[in-house]
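Asks: return a 3D structure for these sequence lines:
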Amino acid sequence: MKKLAFLLTIGMAILFTSCKKDRIENPDTTPDTMEELQVPADFSWKTTKDYSLTLSANANGIAEVNNTSGISYQKAYLSTGQAYTMKLTVPAYEKNVIIKFNGEQKTIELTSLTITVQF
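Replies: Model (predicted):
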């Protein structure tokens, strides 16, 4: 009986001393103010991109610039033989826009800051 109590005591001591939580101290790296925030010099805070979009057509009509979900960004009246240039501001994540004119639709990739489209 003494042997059992001794083994039980030793077993409990080993069990409770071996199961310790490792204490790793991590310093708080979250800045309290915007001035403490460390941002790379080349980081762009802009959430939009500006494009120069020139549209021309062989007929009069309204051109509509939409995103791929169908939401309209801008509309413009095009006259025959007269180019129309607009400043198009879209969210920075947009990669394509859709331009509709007189039943015709074109998908334009936003790869350049200056874009020309002929209908």
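Asks: pull the helix or strand with minimum mean pLDDT from the protein.
Replies: Lowest mean confidence among the helices and strands of the chain (mean pLDDT, DSSP states H and E): helix 2-18, at a mean of 72.
Asks: note down every partner strand of the one helix or strand residue 90 maps to and its orientation.
Replies: Taking DSSP states H and E as the definition, residue 90 sits inside strand 84-91. With DSSP bridges as the test, strand 84-91 is paired with strand 48-56 (antiparallel).
Asks: next secondary structure element downstream of the partner strand?
Replies: Using DSSP H and E, the next helix or strand after strand 48-56 towards the C-terminus is strand 61-66.
Asks: name the element the one residue sitting closest to the centre of the chain belongs to?
Replies: When C-alpha atoms, centre = their mean is applied to the chain, the residue found nearest the centroid is residue 93 (5.0 Å). Following DSSP H and E, one finds residue 93 outside all helices and strands.
Asks: one step back: relative to the whole chain's centre, how far out is the least confident helix or strand of the chain?
Replies: On the basis of C-alpha atoms, centre = their mean, to the nearest Å, helix 2-18 is displaced by 58 Å from the centre of the chain it belongs to.
Asks: roughly how far apart are the residue nearest to the centre of the chain and residue 46?
Replies: 12 Å (C-beta to C-beta, to the nearest Å). Quick note: C-beta positions are derived from backbone N, CA and C, even for glycine.
Asks: I'd say residue 37 and residue 31 touch.
Replies: Yes: under the criterion of C-beta atoms under 8 Å, residue 37 makes contact with residue 31 at 4.9 Å.
Asks: list the contacts of stretch 89-103.
Replies: Outside stretch 89-103, the residues within contact range by C-beta atoms under 8 Å, 6 or more residues apart in numbering are 46-51, 55, 57, 59, 61-68, 70, 73, 78, 88, 105-110, 117, 119.
Asks: now the buried members of these.
Replies: Buried residues within these, counting neighbours by 16 or more other C-beta atoms under 10 Å: 51, 55, 57, 61, 63-66, 73, 78, 88, 108, 110, 117, 119.
Asks: quick check: the farthest pair among these?
Replies: 61 and 110 (23.1 Å; C-beta to C-beta).
Asks: right, I'll leave it there.
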